[in-house]
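Chemist: show me how the following folds:
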Amino acid sequence: MKPIKFLLSLYDEFGYPNLANFIMSDLDNNIDYQFGAFVLATYKDEVVLIRRQPDGKFPGIENFWWTPGGSQKDNERLDQTAIRECKEETGLLCSVQRLLVAELSKDRPFIAVTFRGSIVKGMVSPDHDPDRTTAEAKYFSKDSVSFDKLWVDSDKILLVKEKYTNGKIENLIAKNRFMRHSIIDQCRVSDS
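Modeler: Numbering: from 1, shown residues only. Coordinates of the predicted model:
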């Protein structure tokens, strides 16, 4: 799949992400990128986060919280990936409204996007995860998430901006080369 055309169609449907760590000209249309989708899903004033099972590749991962999400399946839209992963990992059905983050992995051809979503229905439980990688799913109220217990930098940035945690994010934004969507908008390139 050609990543530039794919992302531009995603941006057209869900809006440009608030933050991204790449511009379109950073992508190589000759590389087969994999995609993943995550969702910052809320119900009323609470956000749902997950904790993973222990994993030998990432020691200590079980001590941290994440937004629900995972890899895209064949013929699945990224918004559908976010909805499916949220249901599997939390037991909650969500809807997605807009794109918040687009992130290019530094060590492999993988692009992850994070959507803003709302919980539609369900009871919080990790028991729906077919891979059994989710240890816990839980709601958090405003200012109740420990900044140091978030695994992913983009989750830290989003949860500070949404006021679910407190922490210094300026260094994270700089370290990850995150930029505002207005810069991305100026870098649209054709997929020729």
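
Chemist: measure Arg108 to Cys94 for me?
Modeler: According to C-beta to C-beta, to the nearest Å, Arg108 and Cys94 sit 27 Å apart. Just so you know, the C-beta spots here come from the backbone N, C-alpha and C atoms, and that holds for glycine as well.

Chemist: which one's more surrounded, these two?
Modeler: Cys94 (26 against 8; other C-beta atoms under 10 Å).

Chemist: how about the more buried one, what does it touch?
Modeler: 39, 41, 82-83, 86-87, 117-120 (C-beta atoms under 8 Å, 6 or more residues apart in numbering).

Chemist: let's have those in a markdown table, adding pLDDT, neighbour count and secondary structure.
Modeler: Output for those, formatted as a markdown table (pLDDT from 0 to 100; neighbours: other C-beta atoms under 10 Å; DSSP: H, G, I helix; E, B strand; the rest coil):
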| residue | pLDDT | neighbour count | secondary structure |
| --- | --- | --- | --- |
| Val39 | 98 | 30 | strand |
| Ala41 | 98 | 28 | strand |
| Ala82 | 98 | 29 | helix |
| Ile83 | 98 | 24 | helix |
| Cys86 | 98 | 32 | helix |
| Lys87 | 97 | 16 | helix |
| Gly117 | 97 | 27 | strand |
| Ser118 | 98 | 13 | strand |
| Ile119 | 98 | 21 | strand |
| Val120 | 98 | 13 | strand |
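
Chemist: so which of the residues you listed comes closest to Lys163?
Modeler: Closest approach between those and Lys163, by C-beta to C-beta: Ala41, at 15.8 Å.

Chemist: quick one on the thing from earlier: quick check, nearest of the contacts of Cys94 to Leu158?
Modeler: Val39 (10.7 Å).

Chemist: then Leu8 would be within a strand, right?
Modeler: No: counting by DSSP: H, G, I helix; E, B strand; the rest coil, Leu8 falls outside a strand, being helix.

Chemist: near it, how many other residues are there?
Modeler: Using other C-beta under 10 Å, Leu8 is surrounded by 17 other residues.

Chemist: likewise Asn30?
Modeler: 6.

Chemist: looking at stretch 92-111 now, give me its mean pLDDT.
Modeler: If you average the pLDDT over stretch 92-111, you get 94.

Chemist: and it, C-alpha only, in PDB?
Modeler: Presented in PDB, the C-alpha positions along stretch 92-111 are these (Å, rounded to 0.1, in the frame of the first residue of the first chain):
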ATOM      1  CA  LEU A  92     -16.100  -1.400  25.300                       C
ATOM      2  CA  LEU A  93     -17.600  -0.300  22.000                       C
ATOM      3  CA  CYS A  94     -16.300   3.100  20.900                       C
ATOM      4  CA  SER A  95     -16.800   5.500  18.100                       C
ATOM      5  CA  VAL A  96     -14.000   7.600  16.600                       C
ATOM      6  CA  GLN A  97     -14.300  11.300  15.800                       C
ATOM      7  CA  ARG A  98     -11.000  12.700  14.700                       C
ATOM      8  CA  LEU A  99      -7.300  12.000  14.200                       C
ATOM      9  CA  LEU A 100      -5.000  13.200  17.000                       C
ATOM     10  CA  VAL A 101      -1.600  11.800  16.300                       C
ATOM     11  CA  ALA A 102       0.300  10.200  13.300                       C
ATOM     12  CA  GLU A 103       3.600   8.600  14.300                       C
ATOM     13  CA  LEU A 104       6.300   7.000  12.200                       C
ATOM     14  CA  SER A 105       8.300   4.300  14.100                       C
ATOM     15  CA  LYS A 106      12.000   5.000  14.400                       C
ATOM     16  CA  ASP A 107      13.100   1.400  14.100                       C
ATOM     17  CA  ARG A 108      10.700  -0.300  11.600                       C
ATOM     18  CA  PRO A 109       8.400   0.700   8.700                       C
ATOM     19  CA  PHE A 110       5.300   1.100  11.000                       C
ATOM     20  CA  ILE A 111       2.900   4.100  11.200                       C
END
